[in-house]
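> this one's structure only:
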């Protein structure tokens, strides 16, 4: 089971393909912003980068809570992770890469 941590930049992928960004990470993106998700061949690294025709973020709106968490749906990502033998849900700890100017997540 995944443990909650509000002090890190997390990307969590559910079995249905919901890709959720923690509040800390989600605060770096605007509601409606479009992104592209890139996964390496082993399924250990996930990159988020802006893309004009990419997936569109939606704000998470839990009952009675204000949050900066964001969500997109990418069933293809969930299917690829399953094909690689990775059990879902899974999550990636993301860090900003200054050189590449994008977020890089490493699977935990």
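Structure received. Remember, predicted model here, so these are calculated numbers, not experimental data. Numbering: from 1, shown residues only.

> pull out the buried residues from stretch 13-30.
Buried residues in stretch 13-30, counting neighbours by 16 or more other C-beta atoms under 10 Å, are found at 13, 17, 18, 19, 20, 21, 22, 23, 24, 25, 26, 29. Bear in mind the C-beta positions are built from the backbone N, C-alpha and C, glycine included.

> now do the contacts for the nearest residue to residue 53 once chain neighbours are set aside.
Using C-beta to C-beta, 6 or more residues apart in numbering and skipping the chain neighbours, the partner closest in space to residue 53 is residue 34 (6.9 Å). Applying C-beta atoms under 8 Å, 6 or more residues apart in numbering, one finds that residue 34 lies in contact with 50, 51, 52, 53, 54, 55, 56, 57.

> next one: the lengthiest helix in the chain to chain centre, how far?
Of all the elements of type helix in the chain, the one with the most residues (DSSP state H) is helix 75-83. Between the mean C-alpha location of helix 75-83 and the chain-wide mean there is a distance of 13 Å, by C-alpha atoms, centre = their mean, to the nearest Å.
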